[in-house]
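Asker: sequence-free structure coming up:
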């Protein structure tokens with residue numbers, strides 16, 4: 001019978017693992033996982049731990065600003081990597097391996113940056129929960145030799161949140177986030193206009209202090225573009241009150257949606273993968 005490893009033991013294992021790397025660049029998005037990993041890496045390695053944040057039209061400005069603010073506050077050296085997914089051949093057609101195409105391009109650029117700056121390794125923030133979903137991006141991670149420290153030591157999302165809270169990181173309760181391209185149905189075109197629609201719609205919903213928000217986008221302009229809102233099941237009812245519902249409808253029409261719907265099952269990670 002195996003012994004259970006506590007989250008505190010996993011944290012110590014993480015520190016030791018990062019220490020062994022010697023120097024590392026963290027792919028830093030300001031999300032729960034990458035913020036935790038960045039903080040631990042910087043605490044352990046100091047100036048030998050740097051942040052690399054990718055900028056593209058699928059990465060909301062609010063997330064970029066949070067990433068910059070964190071690095072300034074923690075005195076972490078940050079590189080901004082221009083990585084426009086829509087310039088990648090085939091990406092805008094949204095194939096099933098879209099995430100692979102993106103990660104291969106992004107991490108190749110990050111590797112170029114770090115090698116010019118004397119950093120030996122690149123690490124990303126996937127955790128044990130990511131092993132259970134369709135994650136073609138992890139194939140690119142493996143091919144390019146990118147490190148996954150949180151998975152290496154067996155940390156789950158809930159444990160990362162608890163440890164983040166103990167460390168005083170405000171991101172401990174931050175909703176999970178994935179790039180805006182993940183809101184699109186496989187095979188439907190991704191473009192700047194629709195990415196902006198999703199970004200503005202989600203930002204509007206965030207003002208209602210919801211624990212989790214996704215606006216999935218379906219359809220093309222010719223047939224009408226549909227917004228499918230995913231919220232935590234226990235928060236759906238409060239958003240269906242007439243006054244709130246009408247405000248949401250009006251805002252979504254304003255940003256370009258033709259139809260607005262609520263997913264009655266609620267938020268779940270990777271719901272666009274359910275048809276695969």
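Answerer: Thanks, I have the structure now. Computed from a prediction, not measured in an experiment: that's the story for all the values here.
Asker: packing partners for the host helix or strand of residue 71?
Answerer: Assessed by DSSP states H and E, residue 71 sits inside helix 61-74. Judged by 3 or more CB pairs under 8 Å, 6 or more residues apart in numbering; DSSP states H and E, helix 61-74 is in contact with helix 32-45, strand 49-55, strand 78-82. Quick note: C-beta positions are derived from backbone N, CA and C, even for glycine.
Asker: buried sites along it?
Answerer: Residues of helix 61-74 classed as buried by neighbour count (16 or more other CB atoms under 10 Å): 63-64, 66-67, 70-71.
Asker: ok, back up a step: wait, which of the helices and strands packed on helix 61-74 is closest to residue 114?
Answerer: For residue 114, the closest of the helices and strands packed on helix 61-74 is strand 49-55, at 7.3 Å, according to CB to CB.
Asker: which residues are in contact with the closest one?
Answerer: 18, 23-30, 38, 41-42, 64, 67-68, 71, 76-83, 106, 109-110, 113-114, 117, 119, 122 (CB atoms under 8 Å, 6 or more residues apart in numbering).
Asker: in contact with residue 263, which residues?
Answerer: Here residue 263 is in contact with 216, 228-231, 271 (CB under 8 Å, 6+ apart).
Asker: try residue 181
Answerer: Applying CB under 8 Å, 6+ apart, the residues near residue 181 are 58, 85, 94, 98, 102, 190, 195.
Asker: my read: the fifth one touches residue 89, true?
Answerer: Right, the one you point to is residue 102. No - checked against CB atoms under 8 Å, the pair residue 102 and residue 89 is beyond contact range at 11.9 Å.
Asker: which of the two has more residues huddled nearby?
Answerer: residue 102 (22 against 8; other CB atoms under 10 Å).
Asker: just checking, residue 12 is part of a helix?
Answerer: Yes - counting by DSSP: H, G, I helix; E, B strand; the rest coil, residue 12 is found in a helix.
Asker: what's the local residue count around it?
Answerer: The local packing of residue 12 (other CB under 10 Å) involves 12 other residues.
Asker: what pLDDT is listed against it?
Answerer: Among the per-residue scores, residue 12 shows a pLDDT of 98.
Asker: flag the shaky bits of the stretch 51-200 of the chain, pLDDT-wise.
Answerer: 132-134 (pLDDT under 70).
Asker: and the helices in it?
Answerer: Shown for the stretch 51-200 of the chain, the helices assigned by DSSP state H, counting those that start in this stretch span residues 61-74, 98-116, 137-143, 149-152, 157-166, 192-206.
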